[in-house]
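1. this one's sequence-less:
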């Protein structure tokens, strides 16, 4: 972990640069996958399962027996834990619902705004190095709460052609029953174009590797929406002497173990503190099963010493971290000064993993600096807001002349006529 | 206007197809513009003003004198109209604000969710055939209400190097004082990369021609967010015998006059009614200054006869119109059955132009079928929702074991450790 001592502002961009991806090369692989799935549907999916997942599938769906077996394979302890997380996530996402807005803006002119579920949504759950059943909760719960009509979950099969039991159990628990054994860019393609087994959806959610990310980006050219642009996961810890080095080290490591391109940044006002954290990292690292991944991620990470809180906050907002842990004495001041971050973890006893799993907030958050202009996934991500207006004859008499003048001045005569013809009609009626 | 009589469902896609754009050719023009602005900044902007707007600009900013003159050039009548619209739009967008959500999901685990303004936003207002000062209201008002720190408005100069006085007046009225004389793809490029005169922004809003749309799409590759993907404006009118043919004709024409690729669709249960609307269109068309545009748009338009309301609603949801006017006897039933539309105009006295200008709803709406998965612009479009969590030692004792079990089962040991190390610390403290 490299230490930077009060770096000049014009060097921040360089020092805090995120990894750059070879999108061209990735797209060269992804585009033919999309094309093949579009053309050959399920056939292509089965072929890709053989090629990438190394399994010959009889069916793209898990059998009823596989679902039952999954439930039996999960320990009571894990079931309890999933239930606690589910309860918290449901509660905090349910609380995000907004009532219908009805407002008579002037006499006879009533405007409304209402949340309407996006009808068909697709959730992608990666396979790979960790069975992310927590992501099933984070995407599935708001989708179900929003009332999406069709929810499909795609996740790759393992070499035995099975889906990880925890993923299957969790999906089943929250009421998602359209589960398809397909992973990677081909899963995104299937949800974009539709196949016999996979419905074409309106919006695709979920994390994934660079191929999945590239496929999602390309999918947007075909009318599908996506949750957000993605990059590797990242955490920034802002800590001072009141923080506990071992805790900070553990938090940094919990991000570093995600993958070699994970971003881990410590901002602190004390070099001595940074040194103690680094020492703790070295000690804790040794016992981690994923220590090789973590080590590589740490080699790109930075400890930035910044004396003044104002400058530190400026740097944090500049970086716009996905996860921000704040563990400083003037905690309230620091929290209030942050406007670019995905989710904020406050105090010594709020590890990032709380939000990753079970506090109730969503763990699908904007990475790669997108915390500047995107929100994390929430109930809203599965809803559209539609507006309505209804104007009475009286209302049109009140508002009509305003519309006529504005339309005329925008040189849009037909826009004006649509009002004029109605006002004339009302005038003639009176006679 | 072609009449389709109860078309089979599998032909809807063909019959209701929207225009396809030659994106490749457009991108060939747009990409070099972006590159040049990125490289040469303001110099490139001045050069493009000469090339595309046919004017040699001394400054990219309007002078104080030009702003004063704009106010003097606007009639009192128009000022009043703009004021009424402003009041309604402010009122309805202000009402969209959501209070901060604070929830103690379990003892000692407090989650929060708060709206935070996107810091820097760019508004694009097209020049061209109509001076869209209404769009200044629709984008500027929520940007100001949201509290965006920096708001820049780009709009092309006319041949005299001036900005249309109504645009300048309106921007000034609502408190936007960073106005730049730059249009087209070069404006989008300037807001994406930043130049000496134009700040680099986090999110770009606003309509535009195919070049602007393509530039916005490309801008997203550089970390900028955009309001929504765009296509030509469109209206679908759903009417029966209780509607007034002259009103329906006026509404269809008000959309048709936007441009040759505008989409205009009538859905009705009565062929006789459709014939009467077509007759009215022909009569009203003759007096329109933009009748050539409207005529061309109408040549691509459709009147679809559908006997059953259920099928009609299905077709409307399939098409997902930007604007939907509902003028049928069973109005409530029809409104309740719609889940894919940008904004809905209900009843005989609610022309689309009411929402275009002054009812209070936003006129920046999803076109091209994106009403399936996007909302129109609202206060939310200028905000991010950030989440926060703070866990007390007691809270971590309650929630920690859940996190530990889940992290362990996802094979993310460091995620577990971040909790374990804290729980151990608390245990040791007790002794």
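-> Nice, I can see it. What you are looking at is a predicted structure, and each value in this text was computed from that prediction instead of being measured. Numbering: from 1, shown residues only, chains lettered A, B, ... in the order given.
2. partner residues bridging residue A:112?
-> Taking DSSP bridges as the rule, residue A:112 bridges to residue A:102, residue A:388.
3. my read: it touches residue A:101, true?
-> Yes - between residue A:112 and residue A:101 there is a contact at 6.5 Å, judged by Cβ atoms under 8 Å. In short, each C-beta sits where N, CA and C put it, glycine included.
4. show me how far stretch A:354-362 is from its chain's centre.
-> Its chain's C-alpha centre and that of stretch A:354-362 lie 13 Å apart, by Cα atoms, centre = their mean, to the nearest Å.
5. ok, stretch A:34-44 next?
-> Chain-centre distance of stretch A:34-44: 27 Å, with Cα atoms, centre = their mean.
6. show the average pLDDT along it.
-> Averaging pLDDT along stretch A:34-44 gives 98.
7. other residues contacting that stretch?
-> With contact meaning Cβ atoms under 8 Å, 6 or more residues apart in numbering or on different chains, stretch A:34-44 is reached by A:45, A:47-48, A:60, A:185-186, A:188-190, A:192-193, A:195-198, A:215, A:218-219.
8. any chance you could list what contacts stretch A:7-14?
-> Stretch A:7-14 is contacted from outside by A:15, A:304, A:314, A:315, A:318, A:319, using Cβ under 8 Å, 6+ apart.
9. next up, the contacts around the fourth one.
-> For residue A:315, the residues meeting the contact criterion (Cβ under 8 Å, 6+ apart) are A:12, A:16, A:267, A:304, A:306.
10. tell me which element the first one falls in.
-> In this structure, residue A:12 is located in helix A:12-15 according to DSSP states H and E.
11. and stretch A:295-312, what's buried?
-> Buried residues in stretch A:295-312, defined by neighbour count with 16 or more other Cβ atoms under 10 Å in any protein chain shown: A:295, A:297, A:298, A:300, A:301, A:302, A:303, A:304, A:305, A:306, A:309, A:312.
12. give me the element the first one is part of.
-> The one in question is residue A:295. helix A:291-299.
13. and that helix, what does it pack onto?
-> helix A:245-256, strand A:263-268, helix A:271-285 (3 or more Cβ pairs under 8 Å, 6 or more residues apart in numbering or on different chains; DSSP states H and E).
14. now with 10 Å?
-> For helix A:291-299, the packing partners by 3 or more Cβ pairs under 10 Å, 6 or more residues apart in numbering or on different chains; DSSP states H and E come out as helix A:245-256, strand A:263-268, helix A:271-285, helix B:413-430.
15. who does the following helix or strand past that helix pair up with?
-> The helix or strand immediately downstream of helix A:291-299 is strand A:302-305, counting by DSSP H and E. Here strand A:302-305 has these sheet partners by DSSP bridges: strand A:2-5 (parallel), strand A:263-268 (parallel).
16. so how far is the least confident helix or strand in chain A by mean pLDDT from its chain's centroid?
-> Across the helices and strands of chain A, mean pLDDT, DSSP states H and E gives its lowest value to helix A:291-299, namely a mean of 88. Centre-to-centre, helix A:291-299 and its host chain are 24 Å apart (Cα atoms, centre = their mean).
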